[in-house]
Every structure is written in C-alpha cells, then in structure tokens.
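# sequence? don't have it. structure:
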C-alpha cells in the first residue's frame, strides 16, 4: 500500500495535498492541516523516554507541545515496513520577524527544560552522550570495509561504486580530521560539563521541529526523534542543515547563535565541539552504510549520478561553512577556533586548477 493510502486508512482522513517543510510534511486534508513526521521503525521503542521528557517539559510554560493525533486504534504512531509515522494537529502559525534568533532562543529554552531529566538506566538505550568518537570511528571503518569489498568485487562496478571509490580520500580525511578535532576540543570534558544545560537533543535538528502560533508561543514537534545527547549536537546540526539548504550565511548563523546565547550562553570550548560536528561527513557515511546493506541487484538500480550531484553540491556548501565558521566566531565572540590548513589549501588548489584549465582553453 502506498504511503498516502496507508496514512488515510490509519487516521481516517483524506489527504488533498502534501508539502515538505524541513523535518516535517504538512498535510492538507478533509479535516484540516496536520504535521507528519517520520522516523526509523525501531524508534517506536522510545515510549518511556518520550513520556519522561514530555513530563519534564510540562513543568515549564514557555514552550508548548503540538497536539499529537492518535490513529483509529488509539495508537500514538503507526508503522509501515521499516518506517514509523506520527501526526500532530496543525495550528494557525505566525512567522517570527527574526527566525534564526527565535529558533536559537527556543532551542536553548528546550535544552534548559531537559536539564533535570533523571539519569535512569532505562532511558539510556537511546543515548548518544559521550558516544560521538565511537560512532564516528565505526562509520569510518564501515567505509573502509565497503571500499575493500568494492575493490575485491568480481561484478561490474556501478556509477555509485565508482563515486564511493573516487571520494574516499577526501571524505575519509574529513572524518579523521573531525575525530582528531573532537578530541582536541576536550569532548569528554564538555559532555560532563554541559549536562547541566540540557540532556536532550533531536536526532537530526533543523527546520520543521519548531512552530509559532498566533500568540507567538513556540510549539515543539518531532518527539519520537528525541535522543539523550549534549546541546552542541542540535546547534551543529542546525548550522549544517541551513548550510546544505541555503549555503553558509554569516549573518543567519550568528543570529541563531546570538538567540541561543541570549538564553543559555555557550562555553568557549563548545564552539570547537560544534566545529568538529561540522567537519564530520555524517550524511555521506550514512549513505555508504545504507548502500552497503543493499542486495547486489538493488545496487544496480541506484541512481549513482544523481546521488553524486546532490552530495557534491552539499559538500561544496559545507566547505564554505568550514572556512567561514572559525572566522565568524572569532569576529562575533572573540573565541579562537583553530582552522584546518588543508581546507584552505584544497580551495587554493581548486582555484589554481580552474585557472590552468582556463589558460589551456
């Protein structure tokens, strides 16, 4: 059953239209507007974690929660194949005049409200606190393994296979640099030191998780995408998501950080942890993992050229972010973020190469 028909059957609605807004999709139905979120199917086991966090958020009045809609059987989420879906009732929205600043403020308030979440073993099944080096290193090793398998393969390589092979040096260097940078930034110490400012983050934070009603009160969605982690995760993910979507813009990034700092100031060394997250090629390595799990016959159907075009465009935008972030942070906050020399050399080499091509033409 296709997704649209599945949702209509589960929730008893008729979907007239659907549009993407960041992490969510807005459904236009015969019963009004709804916000649709999805997540991997195994996230359905987060019930106790979600309930604990909801209880904690209910103790403050600054931020509200969107109204979760139950399906025909009274369930808070539904599952099809390997995907989980959940719906919220739509609201009459208002747009903040300074969206990045308001988003930063709301995110900081959300983090503060979760600082008192108890450290129960039950909740730590969905925790990434202190686990970044292990997770990043594992993804890099999977990339190594994938490349080894491709080099040994007897079958004809696909366009996607060729792209993974030719991208290896650059992507792997990014990942290794991110790991070293994370260590030098004092990651383990920052995990302990910043727990007092918040214990909950989003799986992959970006546009679509916060909305403002007509009274300009922020409302949260995406609760099944919560995870226990440090606040730097959400800040770095927002900067990455906006850079991929619109390209790096100093003013927007600084307004977001200013909004956050106006509620809960960041520690100096957190800026370096955020930079390590910007360096880490997470989306690329996740794609490698997904591709590696496909049966050989399904790999043949992957549009490698389309993936290459999308990923290369994203990486080019992130290169700008990686060069500009240290400069913007120094200019605005006086915090020194050591730059990665080879990123600048790489840009110089590209410029020189382009010039040589032009001269040869």
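Good, I have the coordinates. Only a predicted model underlies this, so the values are computations on that prediction, with no experimental measurement involved.
# off-centre distance for stretch 178-194?
19 Å (CA atoms, centre = their mean, to the nearest Å).
# list the buried residues for that stretch?
Going by neighbour count (16 or more other CB atoms under 10 Å), the buried part of stretch 178-194 is 178-179, 181-182, 185, 187, 190-191, 194. The way it works is simple: take the backbone N, C-alpha and C, and place the C-beta from them, glycine included.
# what are the contacting residues of it?
With contacts defined as CB atoms under 8 Å, 6 or more residues apart in numbering, stretch 178-194 is touched by 129-130, 132-133, 136-137, 140, 230-232, 267, 269-270, 272-273, 275-277, 279-281, 338, 340.
# which of those residues fall in helices?
Of the contacts of stretch 178-194, the ones assigned to helices by DSSP state H are 132-133, 136-137, 140, 231-232, 269-270, 272-273, 275-277, 279.
# could you turn the buried ones of those into a PyMOL selection?
Filtering these down to the buried ones (16+ other CB under 10 Å) takes a single PyMOL command:
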select buried, resi 132+136+140+231+232+269+270+272+273+275+276+277+279
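# can you pick out the most distant pair from the ones in helices among the contacts of stretch 178-194?
140 and 231 (24.8 Å; CB to CB).
# return the set of buried residues in the helix or strand harbouring residue 256.
Per DSSP states H and E: residue 256 is located in helix 250-263. By neighbour count with 16+ other CB under 10 Å, helix 250-263 contains the buried residues 252-261, 263.
# repeat for stretch 13-30
13, 15, 23-27, 29.
# do stretch 153-164 as well
Under the neighbour-count criterion of 16+ other CB under 10 Å, stretch 153-164 has 158, 160-161, 163-164 buried.
# again, but for stretch 65-72
66, 68-69, 71.
# closest to residue 119 out of the residues you listed?
Nearest member of the buried residues of stretch 65-72 to residue 119, counting by CB to CB, is residue 68, at 26.2 Å.
# what's across from the closest one in the sheet?
residue 88 (DSSP bridges).
# is it true that it touches residue 74?
No: with contact defined as CB atoms under 8 Å, residue 68 does not count as touching residue 74 (11.6 Å).
# and the gap between the spatially closest residue to residue 90 that is not a sequence neighbour and residue 19?
In space, residue 90 comes closest to residue 33 once its chain neighbours are excluded; the distance is 2.8 Å by CB to CB, 6 or more residues apart in numbering. Computed with CB to CB, to the nearest Å, the distance linking residue 33 and residue 19 is 11 Å.
# any shared contact partners between those two?
residue 26.
# what's the angle between the helix or strand harbouring residue 169 and helix 268-279?
Element membership of residue 169, judged by DSSP H and E, is helix 159-184. Between helix 159-184 and helix 268-279, the angle comes out at 170 degrees (axes from the mean of the first three to the mean of the last three CA atoms, to 10 degrees).
# for the next helix or strand after helix 159-184, what is the average pLDDT?
Per DSSP H and E, the first helix or strand lying C-terminal to helix 159-184 is helix 187-193. For helix 187-193, mean pLDDT rounds to 95.
# same check, this time on stretch 300-310
Rounded mean pLDDT across stretch 300-310 is 85.
# just the buried positions in that stretch, please.
Within stretch 300-310, the residues scored as buried using 16+ other CB under 10 Å are 302, 304, 307-308.
# next one: stretch 219-238
For stretch 219-238, by 16+ other CB under 10 Å, it's 219-238.
# and the end-to-end length of it?
End-to-end distance for stretch 219-238, by CA to CA, to the nearest Å: 17 Å.
# one more: stretch 48-64?
19 Å.
# how far does that stretch sit from the chain's center?
22 Å.
# then stretch 138-150?
Distance, centroid of stretch 138-150 to centroid of chain: 22 Å (CA atoms, centre = their mean).
# likewise stretch 69-86?
In terms of CA atoms, centre = their mean, the centre of stretch 69-86 is found 23 Å from the chain centre.
# buried ones in that stretch, by neighbour count?
69, 71, 76-79, 84-86.
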